[in-house]
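1. I need the structure of the sequence given here:
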Amino acid sequence: MVRRMKKPSKSIKKVKKRKAEEDIDEVTKLSREERRFMKEYGETHPIHENKLQSPIETKVKRTSRKQMNTPLVSEPQPSSESDEDDIHVNPVSELLKLAQGKSRPTKKVRTDVITNLEKQRINTKSNKNEKKNTSISKDTLIEKESYIDSSVSFEERYNIDLSQANIFKTLKSCIENYPGNLVTNTTKSLNFGKVVYSRRLAGPAFPTKLLYPAKFDQFNLKPRIRVQEVCPEADDAQRELFYHFASYRDVVFPQRTLKGANKLREMYVLHALNHCLSTRTRILKNNERLKNTDDLEIHDQGFFRPKVLIVLPYKSEAEKVVKLLIKYAQGNLDFDKVDKEVRNLDRFEKEFQVQNQEGGPVHPNAEYRELFDGNTDDCFRIGISFNRTRMHLYSEFYSSDILIASPLGLRLIVGEKGDEKQEFDFLSSIEVLIVDQAESLLMQNWDHFLNVLKNINQTPQQTRDTDFSRLRRWVTEGWSKYFRQNIFLSAFLTPEMKQSVKTYSFNLYGQVEFEKPLKGSICQIAQKVPQAYHRIECQNFSDSHDARFLFFVDRVLPQFNSSLYHSVVIYIPSYFDFVRLRNYFRDKEINFGQIGDYTSAANVSRTRGNLFHGKLRFLLYTERYHYHHRPTLRGIQHLIFYGPPTFPQYYPEMLGMIQPNKDTTCTVLYTSFDMFALARITGDKRSERMVLSSQNLHMFA
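-> Modelled structure (predicted):
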């Protein structure tokens with residue numbers, strides 16, 4: 001009986017076909033001599049066996065710059081506390097080695113590069129599963145990028161091996177050519193509009209899509225930080241912000257609101273604490289390693305211990321930050337039951353809390369009540385240190401991990417050029433700078449803050465207890481400012497902030513800036529008031545103050561300086577312009593009153609009464625006084641904005657104080673350099689048309 005042979009199944013045919021294709025690919029890789037040898041003897045020559053078995057060098061040379069920026073780790077593996085003793089592979093240093101082409105990558109990196117390239121080659125050949133494979137590979141790539149940017153960035157940033165000559169030359173050339181070429185990329189944010197990435201060094205790739213971890217456990221936080229207990233209800237916006245903070249790029253976030261201030265504060269306090277604990281844990285473990293082996297060479301320190309500087313405007317904000325640090329570092333404990341865990345807590349409560357105050361300041365404006373609730377003293381400084389189990393408040397600056405201070409408090413210590421005593425050595429090793437409520441610093445004294453920025457990461461004048469054998473190479477080279485992360489948080493962006501970021505931010509790993517379209521506060525005006533916007537022509541910013549003053553004196557003031565007009569309030573954003581106008585009014589003997597920064601309470605009440613009864617023709621009113629007191633001025637007939645208000649909510653507030661009358665008017669003076677303030681009032685599109693238009697007068701009603 002003859003049995004029929006079964007036909008091979010389709011799966012067997014596919015396997016055979018795939019093997020045949022792989023054999024053909026291997027043969028096509030051979031040269032002519034290798035093919036001739038294989039045809040005659042049926043096998044390859046022994047000289048070429050290593051080349052076929054491990055094609056490492058050819059694969060590495062064929063990788064493009066885009067492939068260099070892709071993550072080299074096949075799967076994200078969060079490192080635990082015990083893994084810190086092992087020597088980790090530095091992705092940035094390996095990328096710099098590969099980019100230079102002068103050094104050979106490590107075995108782990110080589111194998112990851114080969115596996116990634118082989119997967120890409122195989123996926124391109126399979127036509128049936130091409131769509132599925134490409135979609136999966138893109139999603140996994142995005143997840144790897146977001147994970148590397150957030151979790152492994154501490155290792156790749158602060159443990160770069162500069163002993164390698166090619167890496168050192170790459171960094172040195174990048175620093176010498178700073179700012180150099182700027183690479184930017186814009187992506188959409190799920191919560192904050194647009195995210196603009198920019199960098200000047202080949203580092204981690206820009207994420208093509210924001211996919212941040214769903215839990216804080218994937219951010220490689222220290223076990224001492226009990227985030228799930230103290231911050232269990234973190235939303236998407238908080239995780240996105242912490243993702244950018246943990247990437248160690250500079251962050252410019254001009255979308256701070258009073259309602260979301262607590263959530264924003266939680267994220268940057270968590271980032272600051274995690275950075276300090278990571279640095280401190282590594283130093284302590286390296287101390288134990290040095291006790292066992294004397295020949296070990298370790299570089300893990302700066303000149304001094306302080307690593308994080310948090311700049312805040314008021315003591316009330318500092319109190320909230322310290323409470324969060326206690327909550328995160330010492331666990332989910334009541335603030336009244338941590339006396340044993342936190343030293344000098346009683347002293348902190350006496351100095352930073354307001355005694356016998358219930359319900360906050362009494363004021364009809366809700367924003368004012370939230371802003372000035374608590375201790376509003378703007379001169380303070382405090383050092384905080386951490387050990388294995390406890391937290392020490394009011395520690396000496398040179399033995400602290402975190403410094404919390406106001407610009408005025410630091411200015412009294414740092415001083416300026418020409419002073420007999422200048423002490424800024426404790427700022428030489430700052431690695432993370434956090435500035436919260438930058439718009440409030442504008443209402444104090446912006447020069448104090450600029451003085452602090454000038455003295456950060458300077459060469460110390462005294463050595464003290466510095467261990468020079470453990471200094472990082474980029475610290476000894478004077479490159480500390482290029483490895484410092486700067487986080488600027490404000491309600492909006494001003495030219496002063498923009499210039500400060502451009503002048504004092506040197507982060508080689510790039511910057512993240514959030515952008516959101518502005519609708520303008522002009523839509524919040526309740527009553528109809530004719531508004532005239534006059535554009536003043538000027539070519540340079542240095543000439544804008546003189547051009548504004550001449551325009552006001554020649555064209556605006558003669559119109560209102562007559563018997564037909566009275567109770568005219570001139571809103572002046574700058575104090576220097578206020579002094580200039582006050583002196584001019586005195587010289588011309590014009591009937592006017594003034595409410596400024598240094599006006600006494602008695603004079604303020606007298607001036608407000610004269611304005612209400614129509615006894616004043618002009619009132620010079622400063623923006624800084626309105627910020628700190630927010631009074632309601634009654635009896636305003638005409639309103640003149642000498643410049644657009646810095647705070648957009650002040651525009652509808654001031655217009656709401658005008659008495660409803662047929663003859664009431666509002667006049668606004670602006671130049672092309674007031675683009676930021678003008679956009680916050682009229683909106684992005686309107687402000688652009690008003691600046692670029694051929695007309696110098698624009699009317700709103």
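2. which residues of the stretch 151-300 of the chain score low on pLDDT?
-> For the stretch 151-300 of the chain, the stretches flagged by pLDDT under 70 are 151-167, 177-181, 200-218, 227-232.
3. just the helices in it please.
-> 153-158, 165-176, 227-230, 236-246, 261-292 (DSSP state H, counting those that start in this stretch).
4. Just put those helices in a markdown table and tack on distance to T376.
-> All C-beta spots, glycine's among them, are computed from the backbone N, C-alpha and C. Supplementary listing: those in a markdown table, determined by distance: least, Cβ to Cβ, whole Å:
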| stretch | distance to T376 |
| --- | --- |
| helix 153-158 | 36 |
| helix 165-176 | 41 |
| helix 227-230 | 27 |
| helix 236-246 | 27 |
| helix 261-292 | 16 |
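5. Now mean neighbour count and distance to V321 too, for the ones you listed, in a markdown table please.
-> Conversion of the helices of the stretch 151-300 of the chain to a markdown table gives the following (neighbours: other Cβ atoms under 10 Å; distance: least, Cβ to Cβ, whole Å):
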| stretch | mean neighbour count | distance to V321 |
| --- | --- | --- |
| helix 153-158 | 20 | 21 |
| helix 165-176 | 16 | 33 |
| helix 227-230 | 15 | 14 |
| helix 236-246 | 21 | 15 |
| helix 261-292 | 18 | 6 |
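6. Nearest to L309, out of the ones you listed?
-> Each of these was scored for nearness to L309 using Cβ to Cβ, and the closest is helix 261-292 (9.3 Å).
7. Against V553, how distant is M267?
-> In this structure, M267 lies at 49 Å from V553, with Cβ to Cβ, to the nearest Å as the measure.
8. next one: T187
-> Following Cβ to Cβ, the distance that separates T187 from V553 is 49 Å.
9. re earlier: and S605, which of the helices of the stretch 151-300 of the chain is closest to it?
-> Distances from S605 to each of the helices of the stretch 151-300 of the chain were compared by Cβ to Cβ, and the smallest falls on helix 261-292, at 32.6 Å.
10. Show me what secondary structure element comes after that closest one.
-> Reading on from helix 261-292 to the C-terminus, the next helix or strand found by DSSP states H and E is strand 308-311.
11. Could you tell me which strands that next one is paired with, and in which direction each runs?
-> Strand 308-311 pairs in its sheet with strand 402-405 (parallel), strand 432-435 (parallel), by DSSP bridges.
12. Looking at those strands, which is nearest to E513?
-> The closest approach between E513 and any of the strands paired with strand 308-311, judged by Cβ to Cβ, belongs to strand 432-435 at 14.3 Å.
13. what's next to the closest one, contact-wise?
-> 268, 271-272, 275, 307-311, 441, 449, 456, 484-489 (Cβ atoms under 8 Å, 6 or more residues apart in numbering).
14. what's the answer for stretch 475-487, then?
-> Judged by Cβ under 8 Å, 6+ apart, the contacts made with stretch 475-487 from elsewhere in the structure are 157-158, 162, 171-172, 175, 178, 245, 248-251, 253, 268, 301-303, 428-435, 456-457, 459, 468, 474, 501, 504-508.
15. Among those residues, name the buried ones.
-> Buried residues within those, defined by neighbour count using 16 or more other Cβ atoms under 10 Å: 157-158, 162, 171, 175, 245, 248-251, 253, 268, 301-303, 428-435, 456-457, 474, 501, 504-508.
16. Regarding P645, what is its secondary structure?
-> Look at P645: counting by DSSP: H, G, I helix; E, B strand; the rest coil, its state is coil.
17. leaving aside the residues next to it on the chain, what's closest to it?
-> By the measure of Cβ to Cβ, 6 or more residues apart in numbering, the closest residue to P645 outside its immediate chain neighbours is Y651, 5.3 Å from it.
18. What about the one you found, how many residues nearby?
-> When neighbours are counted by other Cβ atoms under 10 Å, Y651 registers 26.
19. Next: the one 5 residues further on.
-> Using other Cβ under 10 Å, G656 has 14 neighbouring residues.
20. how much space between it and R634?
-> Distance from G656 to R634, counting by Cβ to Cβ: 11 Å.
21. cool, L471 as well?
-> 64 Å.
22. So between the two, which is more surrounded?
-> Taking L471 and R634 together and counting by other Cβ under 10 Å, L471 has the greater number of neighbours (17 against 13).
23. if I pick the residue nearest to P645, what's in contact with it?
-> Per Cβ under 8 Å, 6+ apart, neighbours of Y651: 521-522, 525, 641, 644-645, 681.
24. So which of those residues sit within helices?
-> With helices defined by DSSP state H, the entries of the contacts of Y651 inside them are I681.
25. okay if I get the contacts of Y651 as a markdown table plus pLDDT and distance to F560?
-> Below are these laid out as a markdown table (pLDDT from 0 to 100; distance: Cβ to Cβ, whole Å):
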| residue | pLDDT | distance to F560 |
| --- | --- | --- |
| S521 | 91 | 25 |
| I522 | 90 | 22 |
| I525 | 86 | 21 |
| F641 | 96 | 13 |
| P644 | 95 | 19 |
| P645 | 96 | 20 |
| I681 | 94 | 22 |
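26. Report the two of the contacts of Y651 separated the most.
-> Counting by Cβ to Cβ, the most remote pair of the contacts of Y651 is I525 and P644, 14.6 Å apart.
27. between these two, who's got more neighbours?
-> Summary of the neighbour comparison: I525 and P644, criterion other Cβ under 10 Å, with P644 having more neighbours (25 against 17).
28. so who does that one touch?
-> For P644, the residues meeting the contact criterion (Cβ under 8 Å, 6+ apart) are 573, 651, 668, 670, 674, 677-678, 680-681.
29. for H638, same thing?
-> Contacts of H638 by Cβ under 8 Å, 6+ apart are 560, 565, 567-569, 658, 664-667.
30. Over to it: give its phi and psi.
-> Torsion angles at H638 (phi, psi; degrees, to the nearest 10) stand at phi -140, psi 140.
31. Same question for the one 4 residues further on.
-> Backbone torsions for Y642, taken as degrees, to the nearest 10, come to phi -60, psi -20.
32. Assess the claim that it and Y575 are in contact.
-> No - contact criterion Cβ atoms under 8 Å: Y642 and Y575 do not qualify, at 11.6 Å.
33. neighbour-wise, which of these two wins?
-> The neighbour count for Y642 versus Y575, taken as other Cβ under 10 Å, is higher for Y642 (24 against 15).
34. Quick check: bridge partners of the spatially closest residue to S693 that is not a sequence neighbour?
-> For S693, the nearest residue in space outside its immediate sequence neighbours is R535; the separation is 7.9 Å by Cβ to Cβ, 6+ apart. Note on R535: beta-bridge partners Y670, judged by DSSP bridges.
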